[in-house]
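Colleague: this one's structure only:
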């Protein structure tokens, strides 16, 4: 993409309304625009990151055997009356009347609707296990939305729902999502620690939050240092092998880890001082087992191998892709801007032409641009007539993993500079070597 | 994907609530489930088609130079008060009050919001042309939603918005979208005819609807037979070349074509009888030029090369991907079910094991399944213990372009049958040839 044809509204100054670094950097980098309290548009750069995040989430949900569907945002209140949550949910639920004065709502979550889908079609244990997920916009009418997309009212959520014949099946489904989440966050460059959690308004008796450590985290968390070195399950993990999955979960739940709500001073005291990590954390995922909480009142049951009907045992599993972007920035930035992990970067390479109009600079940039694109790399080519200083500042701010800098002196010698955004390392290389280093052919 | 692990709730009987064939077939094929009046969940098979449609729309928008963003579903009423449409829009707009009693609405379209984004950042003609699009759920509270996803209340829409310095620029932007739409629909296997249209509540003075001909179409349309043979612009079309684009638009707007609302009996009378095509049509896209209708009341202006401020000249361009799916089915089905064009089929190949448990059948199916997947083909492998007759009926109903049928007699001879869903042609081939025919390696 040529920057001259792109829409990247960089802000020079720090926006006043932003209290945390991710919000500030997302506004400054032209990723988002606030449209109302807790409501944001995703501008082209932000949309690209959101897509990359969603792709990873999707791939790991699919790998774990979940199936993608898409439920509507607007739901009928009647469904929520069946579960009893319509009255319980409180003011965070955005309640709506349609033109026929029917009670509707903007879904804050989808347990009821997915249970309705399940009970409409599935009648026998032979069709289990089943895990349905979707990635859809939710609305929760927070009193005081803040921190940008970290805590917005309209937010994107991946929510998965598992259905099993009994607790053992449900536990296996829970474990698959647990392991899937470990992989998901690691692929985004995050180190997420699963912590036992309160089950809150969704209900149930088994729940973990996935927390990343960041100075600006919203809550206090406590964990054993061992977590920082645990091996993350690889791509070859066999999700059909309950024993293998169970082993991974055991490994990841044995050392002490808890949020403030679930903190157990006695157990904490047993952790050696040198292994205690007490830090601020950001929740990036939350999984629940809640058994028959919805299947019973809503009548979602299947015929078992015993010839009897059983209410299915359920769980739900959430990740907020929009919120994740803020969390990644909180965990990965410096004073000059964002530092994107390669897997979620909006572009792989920023190509900077220091002197547009200089014959050699233009020629070499064109050559690099074509070669990188041909190699399947996403390139943002700064071909604008801005001054070099401004271009460097923009490149650091938007945080692409690699910068390729073409200036008139180097160009005359057939050389370009490559900068690694994360380490700051710079290297001057002939054009062919620069291409090879970043995975393209000369 | 193995069908035994998939969620494909086929209905054996025709659902009573469905009045048109696409609605009936989408329900029967387990693509969608109705959740409320005019509101549908997309089940796994339907979601896959929706994704394929969106990918084509996206690729063709990008090719034409439009940039993808994503605006929220919930909008502030204040924005719509600026344009004057808040009071005008009527009951189709879903109006909402949040917990602070602020007036909000579920966006039925996004002219106001995108104009707000534009005016916040763009100040000079040098940043033009600009075309921003998004693919987002909309809500229009129709009195009597019907025909399934053809006319639902919550529906997916790709809406693009162009911003230019003056009418000439806006016309060029309009033409680019015009040509982009021709390519988009053709890639989906549709023959869409652009027809001059009324501009309706969006306003403006230049507008085309893209209509496909189908017996079950919602409205009467009239066009010259020449349209059925016009060449569709290829992938090499240069969208940066205004002259080339203009030539294509001229070619596609010269023969007579009009919806009933815009029908001109005098012009129609001039068309030779043998060339008159009077048929039912389904609208699949709609493009508008509306100039300063929003930029003026909302103050969206840029500095021109003349040193003066100009209100930008705008257009908007809509395609409904969810509706498109219904339109494709209306245009492509037979008495046994859907016939998907290859580009939008949920899977490329249906692999049917006629006798699960038979050693050779299982072995050959496994071999085919792996080889097709390795070749990048999406395969739905019917490995269930259903009877062969039921499997064939399901395969025809869900309409995958190719069926590969493995029965015990053929398997013993190392042969399988390939059926083309569209033509009905069948061919018995050795396994290696079957793989080669469908693009995989033995």
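Modeller: Good, I have the coordinates. A quick note: this is a predicted structure, and the numbers were derived from the prediction, not measured.

Colleague: what's in contact with stretch A:385-401?
Modeller: A:8, A:10, A:25, A:28-30, A:45, A:333, A:336-342, A:345-350, A:352, A:354-357, A:380, A:382, A:384, A:403, A:405, A:407, A:420-422 (CB atoms under 8 Å, 6 or more residues apart in numbering or on different chains). No exception for glycine: its C-beta is placed from N, CA and C like everyone else's.

Colleague: pLDDT weak spots in chain A?
Modeller: Applying pLDDT under 70 to chain A picks out residues A:199-205.

Colleague: And the helices in it?
Modeller: Along chain A, counting by DSSP state H, helices occupy A:21-28, A:44-63, A:77-83, A:85-88, A:111-121, A:167-187, A:242-253, A:265-269, A:295-298, A:321-331, A:359-374, A:388-398, A:408-412, A:431-437.

Colleague: among those helices, which is nearest residue A:282?
Modeller: Relative to residue A:282, the nearest member of the helices of chain A by CB to CB is helix A:321-331, separated by 4.8 Å.

Colleague: strands paired with the lengthiest strand in chain A, and their directions?
Modeller: The longest strand of chain A (DSSP state E) is strand A:276-291. Partners of strand A:276-291 in the sheet, by DSSP bridges, are strand A:206-213 (antiparallel), strand A:219-224 (antiparallel), strand A:313-319 (antiparallel).

Colleague: which of the contacts of stretch A:385-401 count as buried?
Modeller: A:8, A:10, A:25, A:28-30, A:45, A:333, A:337-341, A:345-350, A:352, A:354-356, A:380, A:382, A:384, A:403, A:405, A:407, A:421-422 (16 or more other CB atoms under 10 Å in any protein chain shown).

Colleague: Also near chain B: which of the residues you listed, exactly?
Modeller: residue A:30 (CB under 8 Å from any CB of the partner chain).

Colleague: So which of the buried ones among the contacts of stretch A:385-401 belong to strands?
Modeller: Reading strands off the buried ones among the contacts of stretch A:385-401 with DSSP E, I get A:333, A:337-338, A:349-350, A:352, A:380, A:382, A:403, A:405.

Colleague: Spit out the contact partners of residue A:309.
Modeller: A:301-303.

Colleague: now it: how far from residue A:116?
Modeller: 18 Å (CB to CB, to the nearest Å).

Colleague: Look up which residues are beta-bridged to the residue of the stretch 151-300 of chain A with the smallest separation from chain B.
Modeller: For the stretch 151-300 of chain A and chain B, the shortest gap (CB to the nearest CB) falls at residue A:154, measuring 4.7 Å. Taking DSSP bridges as the rule, residue A:154 bridges to residue A:139.

Colleague: quick one: contacts for it?
Modeller: A:38-40, A:137-139, B:72-74.

Colleague: Quick check: the gap between residue A:237 and residue A:245.
Modeller: 8 Å.

Colleague: Leaving aside the residues adjacent along the chain, what's closest to residue A:121?
Modeller: Distances taken as CB to CB, 6 or more residues apart in numbering or on different chains place residue B:9 nearest to residue A:121, at 3.8 Å, with adjacent residues excluded.

Colleague: can you pull the contacts of that neighbour?
Modeller: Going by CB under 8 Å, 6+ apart, the list of residues near residue B:9 reads A:120-122, B:30, B:43.

Colleague: quick check, nearest of these to residue B:68?
Modeller: residue B:43 (26.1 Å).

Colleague: count of neighbours near the closest one?
Modeller: Residues near residue B:43, counting by other CB atoms under 10 Å in any protein chain shown, number 26.

Colleague: quick revisit: okay, the contacts of residue A:154 in a markdown table with neighbour count and distance to residue B:282 next?
Modeller: Below are the contacts of residue A:154 laid out as a markdown table (neighbours: other CB atoms under 10 Å in any protein chain shown; distance: CB to CB, whole Å):
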| residue | neighbour count | distance to residue B:282 |
| --- | --- | --- |
| A:38 | 24 | 38 |
| A:39 | 22 | 34 |
| A:40 | 25 | 35 |
| A:137 | 18 | 28 |
| A:138 | 21 | 32 |
| A:139 | 27 | 32 |
| B:72 | 26 | 29 |
| B:73 | 22 | 26 |
| B:74 | 25 | 30 |
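
Colleague: Need the phi and psi values for the nearest residue to residue A:30 once chain neighbours are set aside.
Modeller: Once flanking residues are discounted, residue A:30 sits nearest to residue A:9: 4.3 Å by CB to CB, 6+ apart. Residue A:9 adopts backbone torsions of phi -80, psi 90, taken as degrees, to the nearest 10.

Colleague: quick one on the thing from earlier: hey, which of the strands paired with strand A:276-291 is tucked in deepest?
Modeller: strand A:313-319 (a mean of 25; mean count of other CB atoms under 10 Å in any protein chain shown).

Colleague: wait, what's in contact with residue A:434?
Modeller: A:368, A:404, A:416, A:418.

Colleague: same thing but 6 Å
Modeller: A:416, A:418 (CB atoms under 6 Å, 6 or more residues apart in numbering or on different chains).
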